[in-house]
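S.K.: Sequence first, predicted model second:
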Amino acid sequence: MGGKAFALAELVRHDVRVPDFICFSVDAYQQYVEATGLQARIQLEFFRKEFSQMRWEEMWDAALRIQHMFQTTPWPAALRDEIVQGIESHFGSRPVVVRSSAPGEDAQQSSFAGLHESFVNIRGTDAILDHIKLVWASLWSDAALLYRKELNLEVETSRMAVIVQELIAGEVSGIVFSQSPVEASQTVIEAVYGLNQALVDGSTEPDRWTLHRKDGTVLSCQVADKTNMTVPDNHGLRTEDIPPDKVESPCLSSTQVQEIFQIAEKLEKNFSAPQDIEWTFRHGKLFTLQSRPITTQIEDSRNWYMTLRRSFENLQDLKAEIQNHLIPQMIHDAETMYTTDLARFSDRELLLEIDKRKEIFKHWQKIYWDKFIPFAHGVRLFGQFYNQAVKPADPYEFVDLLAHTPMQSTRRNAMLGHLVTKLQRNPQLAHTLKHDPERLDENFKNQLREFHAEYGNQARGIADTPDDQNRLVNLLLEMASGNPNPAKVRGKNPAALEQNYFRVFNADQQEHAAEVLELARVSYQLRDDDNIYLGKIERAAVTAMQEYQHRAQQQDQAQHACRNYEEMIASLKEIQQAPRKGFPVSKTDSSYVLKPRQLIGQPAAVGVATGKAKVIAESQQLYEVKSGEIIICDSIDPNMTFIVPLIAAIVERRGGMLIHGAIIAREYGIPCVTGIPKATSIIHTGDTLTVDGHLGIITIHTEENDGD
């Protein structure tokens, strides 16, 4: 029956007041997945790639597909009738909470608290049935899968029981740790007005009491600066203002604090372990909602997984910070460095400038991981929200709705495309660019200068050195000789999808639906743009180092004794190889000799293309790409995507529908397959490939099978 259900049964046995509840056991789950064929379909998802080798982006994709199966698969009639009878006989029309109760989820050795879904204020039999399936589906969330991977648990055989519990709309709710996770001699109580949801998701700061475990003496009481609370309404939950006379007062009376302390003492004795207890007061009566063992060490090791489940409110705050402060400051820092004339610095001043730029880059690199990467969850949150509301046939339809969101990388590519179009329409202009660029007409020269001013300072891509400018000229000529892919919408029209999206919400829900969509669009855009801006800052640091390198090569190195030359070169490589989501740092593994005919990965952008492979291991190779080739790389970041209009398909070692290579491939309507282990080792430059973005299959052609 799972940890929560067992604990509730024990509470009832020990005469603790709990809301009315029923439990649908793991047998109901097993019957559902077997009768509908979901068991086999889930197994197939884990045959694509060994689970232990999956990155978290690939787990999110697999999780989305599996959860979508639950949302769109009908109930077997007999099982549905049995569950409906249980729901209606216990609750009638009363609102309920639908909670997860997976076996082992609240054991002392492992705590899945917060990783599986619970849904509050669900009304009506059909809605309860839908949310039972959503709880089952949460067994396969990315966070839950990652946690199982960390604990080496058997993933494929996971099962889930579900508790349906009467909603107690308490005036005050909270949690109590019978033993503080911080200080073993203390008990901690946290409380908020209204429902516990605001406390659980972190959107409201609770009042906090610290008591001595021995006798319940109150050691401290901290009253939070609180303004709102969460309450149920006809459509779920809403936030409302706390009455003015309660804002500065503690949520609990001293009598209520002692009543909670006593129940915590009792349950710790009953379960023979310190407990984390959720409770609420309604009309002066204390209800215990659930109790589980405290697993401090497990909680600490799970913090990163929990960042994957950022709340809508948290992401909204992060959006405001990124849009209004971080991105403008990144642009300012990059522009300040690029308008600084390095030639005017003395050698010593240049070394100080290098140190300054390295620190600026490291500062923004940390913000990238702490702020920008978590903000990518805005798109994932929208994907889950969209699929639950719209129930589309395609679990990735929400990505089509976000297509053509303006991004720096596509704007850059459009500028390139404009130059290419001019060259295609005027063969004499192309001839002059190739053989006598000094004689180019001023209009075209100005457009080239404009492009360099805007995008010539990107790291790991288009750069502003003379060699790179020559490479850019060759790239333009190559694009002009072929037929570059224009950015386009493949398949469904975003405007039509948006209309259908809003159609499923009633008038009261429209505003929230619009806010979630807007959050997704900003997340979709900024998670691409942030790489462009970070690349410019990185390039500024590299440029200063290259200036020092140039001086050292032109002068007696003894004049630079204030800084060891080899140390400077090492610093240059450190910056250029800095770990960042994007550019491939792994080299081809020449020891890999197997040559399979087919490779199976994750389908990330639909379509089928055949062409010659071009393996990319370092940035300079981007300029060597020929029209119609298929890029094979560790991963693509937005600083590299200027070559996408030239290519036929993308194959990446890393996986995920929402990594940059997949996003840009969909924008240009070319196939993309991700999550191919050792892709840059198995596939060699010059191999003929067929990339099937529908099925996620790469076919490597050989002389034998080419003749079939």
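M.R.: That came through, no problem.

S.K.: residue ranges of the helices in the stretch 501-650 of the chain, please?
M.R.: 510-554, 565-576 (DSSP state H, counting those that start in this stretch).

S.K.: Residue 341 is nearest to which of the ones you listed?
M.R.: With distances scored as CB to CB, the stretch of these nearest to residue 341 is helix 510-554 (10.4 Å). Every residue, glycine included, has its C-beta placed from N, CA and C.

S.K.: which of the helices of the stretch 501-650 of the chain is buried the deepest?
M.R.: Of all the helices of the stretch 501-650 of the chain, helix 510-554 carries the top mean neighbour count, a mean of 20, counting by mean count of other CB atoms under 10 Å.

S.K.: Show me what the mean pLDDT comes to for that one.
M.R.: Computed over helix 510-554, the mean pLDDT rounds to 87.

S.K.: ok, the residue lying closest to residue 671 once chain neighbours are set aside - how many residues close by?
M.R.: Excluding its sequence neighbours, the residue lying closest to residue 671 (CB to CB, 6 or more residues apart in numbering) is residue 693, at 3.0 Å. Counted with other CB atoms under 10 Å, the neighbours of residue 693 add up to 26.

S.K.: For the helices of the stretch 501-650 of the chain, give me CSV that also has distance to residue 222.
M.R.: Converted to CSV, the helices of the stretch 501-650 of the chain look like this (distance: least, CB to CB, whole Å):
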stretch, distance to residue 222
helix 510-554, 32
helix 565-576, 45
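
S.K.: per-domain residue ranges of the chain.
M.R.: Described in terms of automatic domain parsing, the domain architecture of the chain consists of the residue ranges 3-166, 172-308, 310-404+491-576, 598-706.

S.K.: Of these, give the one that comes closest to residue 451.
M.R.: Proximity of these to residue 451 was assessed by CB to CB; the nearest stretch is domain 598-706, lying at 10.2 Å.

S.K.: which residues of the stretch 351-500 of the chain fall in helices?
M.R.: Listed in chain order (using DSSP H, counting those that start in this stretch), the helices of the stretch 351-500 of the chain are 373-375, 377-390, 397-402, 408-425, 427-435, 442-455, 466-481, 494-503.

S.K.: And the ones you listed: which comes nearest residue 125?
M.R.: Closest among these, once you apply CB to CB, is helix 377-390, at 18.0 Å.

S.K.: now the angle between helix 494-503 and that closest one, please.
M.R.: On the basis of axes from the mean of the first three to the mean of the last three CA atoms, to 10 degrees, helix 377-390 is oriented at 60 degrees to helix 494-503.

S.K.: Contacts for helix 377-390, please.
M.R.: Helix 377-390 is touched from outside by 60, 64, 67-68, 71, 134, 308-310, 312, 315, 319, 392, 395-399, 401-402, 500-501, 504-505, 513, 516-517, 519-520, 522-524, 527, 658, with contacts defined as CB atoms under 8 Å, 6 or more residues apart in numbering.

S.K.: Give me the mean pLDDT for stretch 246-261.
M.R.: Stretch 246-261 comes out with an average pLDDT of 93.

S.K.: Next, the buried residues of that stretch.
M.R.: Using 16 or more other CB atoms under 10 Å as the test for burial, stretch 246-261 gives 250, 251, 252, 256, 257, 259, 260, 261.

S.K.: Just those residues: which are in helices?
M.R.: The helices in this structure, assigned by DSSP state H, contain 256, 257, 259, 260, 261 from these.

S.K.: Residue 207 is in contact with the second one, correct?
M.R.: This points to residue 257. No - under the criterion of CB atoms under 8 Å, residue 257 makes no contact with residue 207, lying 10.0 Å away.

S.K.: coming back round to it: list just the one of the helices of the stretch 501-650 of the chain that sits closest to residue 648.
M.R.: Across the helices of the stretch 501-650 of the chain, residue 648 has its closest neighbour in helix 510-554 (21.7 Å, CB to CB).

S.K.: ok and that closest one relative to helix 377-390, angle-wise?
M.R.: Going by the same axes, to 10 degrees, helix 510-554 is angled at 150 degrees with respect to helix 377-390.

S.K.: Taking helix 442-455 as reference, get the angle to helix 510-554.
M.R.: In this structure, helix 510-554 runs at an angle of 100 degrees to helix 442-455, with the same axes, to 10 degrees as the basis.

S.K.: Give me the neighbour count for residue 666.
M.R.: 28.

S.K.: Tell me, how many residues neighbour the residue nearest to it when sequence neighbours are not counted?
M.R.: What sits nearest to residue 666 in space, not counting adjacent residues and going by CB to CB, 6+ apart, is residue 605, at 4.6 Å. Residue 605 sits with 27 neighbouring residues when counted by other CB under 10 Å.

S.K.: cool, residue 38 as well?
M.R.: Under the neighbour criterion other CB under 10 Å, residue 38 is assigned a count of 17.

S.K.: Quick one: residues contacting it.
M.R.: 32, 69, 70, 73.

S.K.: Please report the distance of the third one from residue 643.
M.R.: Okay, so that is residue 70. As for residue 70, its distance to residue 643 is 40 Å (criterion: CB to CB, to the nearest Å).

S.K.: what do you get for the second one?
M.R.: Using CB to CB, residue 69 is found at 36 Å from residue 643.

S.K.: ok, those two, which is more surrounded?
M.R.: Per other CB under 10 Å, whichever of residue 69 and residue 643 has more neighbours is residue 643, with 25 against 20.

S.K.: Would you confirm that the more buried one contacts residue 631?
M.R.: Yes - the pair residue 643 and residue 631 passes the contact test of CB under 8 Å, sitting 7.3 Å apart.

S.K.: Next, show the common contact partners of those two.
M.R.: The contact lists of residue 643 and residue 631 share residue 625, where a contact means CB under 8 Å, 6+ apart.

S.K.: on that earlier part again, filter the contacts of helix 377-390 to the buried ones?
M.R.: Here the buried ones among the contacts of helix 377-390, as counted with 16+ other CB under 10 Å, turn out to be 60, 64, 67-68, 71, 134, 308-310, 312, 315, 319, 392, 395-399, 401-402, 501, 505, 513, 516-517, 519-520, 522-524, 527, 658.
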